[in-house]
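okay, sequence plus prediction incoming.
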Amino acid sequence: MQKVNETRATDDRGKHTTTHRELFLMPNGAAIIDTPGMREIQLLGADDGIEQSYEDIYKLAEHCKFNDCSHKQEPGCSVQEAIETGELSESRFRGYLKLLREQAFAQRQVDKRAMLQEKKRWKKVTKSSRKR
């Protein structure tokens, strides 16, 4: 659908050829966005999208024993129970956690106060590990 160049012989990577943004809708319902020169897309304000995409995990979390459950080691965690029984795949849950980490990172880049708090937290962690 678009003109492409050959890959480089030295590293087998492609050469940049497109010059404008374009959205391609695939027959299976997926969408591919060609954004020349853009290396990444940040997740700012993606709260609603994450909740919709991982609705199954949010519904399971409603039945956890603790309201602030991190779904990692707490007793009575319905998310971990669903992983153990095979109701929820571990790879899906890992993808969910990764997306949350990426979102928190993006938020810290915008929110200077949050960035400073995270830096302070890691400074304490480093100091305590050095003492050991």
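Here it is on my side, so go on.

quick one: contacts for the nearest residue to I32 once chain neighbours are set aside?
Using CB to CB, 6 or more residues apart in numbering and skipping the chain neighbours, the partner closest in space to I32 is F24 (4.5 Å). For glycine as for every other residue, the C-beta is placed from the backbone atoms N, C-alpha and C. Applying CB atoms under 8 Å, 6 or more residues apart in numbering to F24 gives the contacts 1, 31-34.

so which of those sit within strands?
Among the contacts of F24, the ones falling in strands (DSSP state E) are 31-34.

sorry, back to before: which residue in the contacts of F24 has the weakest pLDDT?
The lowest pLDDT within the contacts of F24 belongs to M1, with 70.

and that residue, what is it in contact with?
F24.

closest to Q52 out of the contacts of F24?
Nearest to Q52 out of those is A31 (CB to CB; 15.9 Å).

contact partners of the lowest-mean-pLDDT helix or strand in the chain?
Ranking every helix and strand in the chain by mean pLDDT, DSSP states H and E puts helix 47-53 at the bottom, with a mean of 79. Helix 47-53 is contacted from outside by 58, 96, 99-100, 103, using CB under 8 Å, 6+ apart.

how about a cut-off of 10 Å?
The contact list for helix 47-53 (CB atoms under 10 Å, 6 or more residues apart in numbering) reads 43, 46, 57-58, 95-96, 99-100, 102-103, 107.

returning to what we had before: most neighbours out of the ones in strands among the contacts of F24, which is it?
For the ones in strands among the contacts of F24, neighbours were counted by other CB atoms under 10 Å; the highest total belongs to D34, with 14 neighbours.

separation between it and N5?
14 Å (CB to CB, to the nearest Å).

residue ranges in this protein under the pLDDT threshold?
39-47 (pLDDT under 70).

just the helices in it please.
For the chain, the helices defined by DSSP state H cover 47-53, 55-61, 78-85, 90-110, 112-131.

nearest to T126, of the contacts of F24?
I33 (39.1 Å).

just list whatever residues bridge to that closest one.
Beta-bridge partners for I33, by DSSP bridges, are L23.

quick check: it vs H16, distance?
Distance from I33 to H16, by CB to CB: 15 Å.

measure the residue nearest the centre of the chain to I50 for me?
For the chain, L99 is the residue whose C-alpha lies nearest the centre (CA atoms, centre = their mean; 1.8 Å). In this view, L99 and I50 are 6 Å apart by CB to CB.
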